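Undergrad: no sequence on this one, just coordinates:
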């Protein structure tokens, strides 16, 4: 049966069951409406497009141009609403809804020049049911998002402390957090899997367009456990709210366009949210194209990009919760720059598409233990083909992913104030054409629990996740070149504890411990063949064991009205760190490609990061961050004998150098002017077959202006990146031997909200 | 209570059951064809059933049968295309080697042959090759190229021709001018948008010496293309 239709049926049945159950037994008569206005505390002017989040039932909305908002179908009871807007201090307020009444609320927000990127509580599981990760360690939102908006998600995040960007050209970037990448960093869209293969190789792009994001959230620790296994690096959630969870009072939407000089790139996109009674329809359209990038050393050939991302979401919002469906289609074509040494003088062209459907429901449950249930099911079909010059297929990937989960938020019990319990499963059907990699599939399941409590000034969270995974090749091959290809079963427990002590003078001391576990992926187990765009012949290892990691983070955070800072140190140790190691020898069947062998090794990745923001004058702030990461792996006696290495440890490859930013900005009457210096030190701690990368200093300038015009709120953001046109190289670029990073780029983003 | 336990249990049961029904479906989506034939790990080039070159485990073994000395010269790590091995005469000015054939080596070092069927005949496999230097014969023959004969070093000195009578696995080496280049062979599988390389060899050195011959000019250019530009450059 066609999987797409089947998943739609399953989703529809699930949603129907929820609706039927709720409509049969819910008490619809006891719900109310909240309306209100958000104003500037000093000027009394309305604050448009402030983001409001009703945490207890996971509803969100934004204020209109007049600063007004409305949330309907709010069940009777006490709730807490949080109001967030860049440029203002975040507020939260509790209120009580009486049945059938309209409650009027008003908020006066105090302006601040600080961006407030430091979030109050790290990895708090409070409110984790739903598409948002509550109180994550980093939120990128509003003008901060516009200022950093890049072609890729990784580019958008790359200026945050601890973030780097693994690239291969311009389109296929993927975030690296504190030196951890691939499957150790989980990327989500509206809390769900992206269904792509971006973690498997440097040439695979992330199928998330950051221009469609309302905000980007990052979480680590216990809260991350509900989304997947092994994400010791963290979870990145791109929030689009494709399935609406609240009814706006009128039709709303956005339109954006962006132009970039560095590749003659153009982006156009829009979003429309249409309420109709208790239904809300959300429509998204966006397209992006760009030519080859220019660099100080010339044009970076075959770095074009064409992307389309379209979708819809339909939500049905009731006092008992909401239910909805969404569908989306993502299409992308991009080029991988040529590697004359690797034997592809014309580069490689990649074409991919992904379509996705999802059903989701959140239902309030009022009993002594549970308060909220969320169920979601999604199906994603992903197709990706890599073409040599002349259109010859190098490698083709097809992957179908079906994911289902049920989460329930619980109330106070034993030591804990609240938490989340859940069950999660997915089925991945994977095939590769153009290589000897067998068709294979994986069935993964997990149960998890995340609980939190406050003991005096100490906030504690604990979480665990029990995983079970079966990986299955199409047929067993005892004498395969890579070993005994066979079915494998894995089971493992993950756990995490996070504690934050509030000294109540703006100072917080916190620590997070995580024991991660992840089963080897199908690629790591069964790969056997060329991966054209990665210029690699991948050799899997069917004998690999699950990867286990121990991570610990200690941080000190200080937050005052005019000063924020965080100093964090972290240490991650892996008993068997899985990675593809360049053997340096050509493969036998494909002598044009080096063999990359999946191996496991003991490894440690550790470092320090510091981020700070200080309000110099009333309208002037300076900020900066610095990150240092070191990665080492053990060298076995056998490897010493084979390679001649003498030391017992060796640097890991693809570890970012010491890097940081320093910036200043001035904000007044909607106009923000700023400048930033990005810098990186030379990286000469090198893994196998790596070469040193020189340090660099880059200067960026930016200006933003926001204003209201008629019934719209408009923003213009002008960014001048690498304005001195410095030639520099990214140590995490897989083609840094051949090509530098993009040169001077004047980037103009215009966005209108209506 | 907005939702009672009974409904909750029904919902959870349906969800789990339907999810298992779904995941039990066989959803393999792409045929993987690599178990249907032996995998090439090398090749041999043969003439009259005797090996000229054997390539195996990324290593070339020149004159592996010991019977083709004319294809090699001392201290030159390459196959040599010279008047010693090509039929370079006024009567036959194209100057190619006799038809040689490529056979494939499996992981055990044994030779195997693939069906000699064209695409029209249902053949799935075909031979492809890539030269390292560009083939700019037309430019080579232009007045501009002739005026800057040093650029010949950047132009492919030899070529490989495959005729109808050669089938899928036969071909001829042709010398165009003195020089060095590298060629690699690819065993292709499928056609059109399904075409992909099952096997790619290392670069094989090819050497065209500047020998003394009536049909080789002072710049080392072979004069076999009489109907093209070289007809106006006879060697006196």
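TA: Cool, got the structure. Keep in mind the model is a prediction, meaning the values are calculated, not measured.
Undergrad: contacting residues for residue A:167?
TA: Residue A:167 is in contact with A:154, A:173, A:202, A:730, A:732-734, counting by CB atoms under 8 Å, 6 or more residues apart in numbering or on different chains. Glycine gets a C-beta too; all of them are placed from N, C-alpha and C.
Undergrad: and what of residue A:716?
TA: A:704-706, A:748-750.
Undergrad: which one of the residues you listed sits closest to chain B?
TA: residue A:749 (37.5 Å; CB to the nearest CB).
Undergrad: what does the host helix or strand of that closest one contact?
TA: Element membership for residue A:749, per DSSP states H and E: strand A:745-753. The contact list for strand A:745-753 (CB under 8 Å, 6+ apart) reads A:48-49, A:146, A:149, A:252-262, A:712-722.
Undergrad: hmm, back to that, out of the contacts of residue A:167, list just those in helices.
TA: residue A:154 (DSSP state H).
Undergrad: excluding chain neighbours, what is closest to residue 57?
TA: Let's take chain A. Spatially, and ignoring its direct neighbours in sequence, residue A:57 is nearest to residue A:364 (6.2 Å; CB to CB, 6 or more residues apart in numbering or on different chains).
Undergrad: sorry, should have said chain B
TA: residue A:588 (6.0 Å).
Undergrad: where does that neighbour land on pLDDT?
TA: On pLDDT, residue A:588 comes in at 88.
Undergrad: phi and psi next, for it.
TA: Backbone torsions of residue A:588, given as degrees, to the nearest 10, read phi -80, psi -50.
Undergrad: and residue B:120, which of the three is it?
TA: When classified by DSSP: H, G, I helix; E, B strand; the rest coil, residue B:120 comes out as coil.
Undergrad: how much space separates it from residue B:168?
TA: Taking CB to CB, to the nearest Å as the measure, residue B:120 falls 12 Å from residue B:168.
Undergrad: neighbour count winner among these two?
TA: Counted by other CB atoms under 10 Å in any protein chain shown, residue B:120 and residue B:168 do not tie: residue B:168 has more neighbours, with 21 against 6.
Undergrad: residue A:577 reaches residue A:632, doesn't it?
TA: No: applying CB atoms under 8 Å, one finds residue A:577 not in contact with residue A:632, separated by 10.3 Å.
Undergrad: joint contacts of these two?
TA: Listed contacts common to residue A:577 and residue A:632 are A:603, A:652; contacts here mean CB under 8 Å, 6+ apart.
Undergrad: who's more crowded, the two?
TA: Using other CB under 10 Å, the more surrounded residue of residue A:577 and residue A:632 is residue A:577, with 23 against 19.
Undergrad: quick check: closest non-adjacent residue to the more buried one.
TA: residue A:603 (3.7 Å).
Undergrad: now the helices: where do they sit in chain B?
TA: B:5-24, B:137-140, B:143-147.
Undergrad: and if you look at chain A?
TA: Under the criterion DSSP H, chain A contains helices at A:3-25, A:142-148, A:153-157, A:522-526, A:637-643.
Undergrad: rank the ones you listed by pLDDT, which is bottom?
TA: What stands lowest among the helices of chain A, in mean pLDDT terms, is helix A:3-25, with a mean of 49.
Undergrad: quick revisit: give the contact list for the residue nearest to residue B:57.
TA: B:41-42, B:57-58.
Undergrad: filter those residues down to the buried ones.
TA: Buried members of those, scored by 16 or more other CB atoms under 10 Å in any protein chain shown, are B:41-42.
Undergrad: spatially, what comes nearest to residue A:241 if we skip its sequence neighbours?
TA: Setting aside the residues directly before and after it, residue A:241 is nearest to residue A:214 in space (CB to CB, 6+ apart), at 5.9 Å.
Undergrad: okay, now the one you found: neighbour count?
TA: Neighbours of residue A:214 under the rule other CB under 10 Å: 17.
Undergrad: swap in residue A:556?
TA: As a burial measure, residue A:556 scores 14 neighbours (other CB under 10 Å).
Undergrad: distance of it from residue A:676?
TA: Using CB to CB, residue A:556 is found at 25 Å from residue A:676.
Undergrad: repeat for residue A:84
TA: Going from residue A:84 to residue A:676 by CB to CB gives 23 Å.
Undergrad: what about residue A:53, distance to residue A:59?
TA: Separation of residue A:53 from residue A:59 (CB to CB) stands at 8 Å.
Undergrad: show me what contacts the residue nearest the centre of chain A?
TA: By CA atoms, centre = their mean, chain A has its centre lying nearest to residue A:236, at 2.5 Å. Applying CB under 8 Å, 6+ apart, one finds that residue A:236 lies in contact with A:153, A:157, A:175, A:177, A:185-188, A:216-218.
Undergrad: swap in residue A:549?
TA: Contacts for residue A:549 (CB under 8 Å, 6+ apart) come out as A:184, A:230, A:232, A:514-517, A:572-575, A:577.
Undergrad: list just the nearest of those residues to residue A:44.
TA: Nearest to residue A:44 out of those is residue A:514 (CB to CB; 46.6 Å).
Undergrad: which residue is the nearest non-sequential neighbour of residue A:515?
TA: Using CB to CB, 6+ apart and skipping residues adjacent in sequence, the residue nearest residue A:515 is residue A:495, 4.9 Å away.
Undergrad: burial measure for the one you found, as a count.
TA: 16.
Undergrad: go ahead and confirm it touches residue A:467.
TA: No: with contacts counted by CB under 8 Å, residue A:495 stays clear of residue A:467, the gap being 11.5 Å.
Undergrad: what ranges of the chain fall below the confidence cut-off?
TA: Looking at chain A here, since you left the chain open. Within chain A, the segments meeting pLDDT under 70 span A:1-31, A:56, A:86, A:115-139, A:141-144, A:146-147, A:151, A:340-345.
Undergrad: try again with chain B
TA: Across chain B, the ranges flagged by pLDDT under 70 are B:1-38, B:91-94, B:135-151, B:193, B:223-236.
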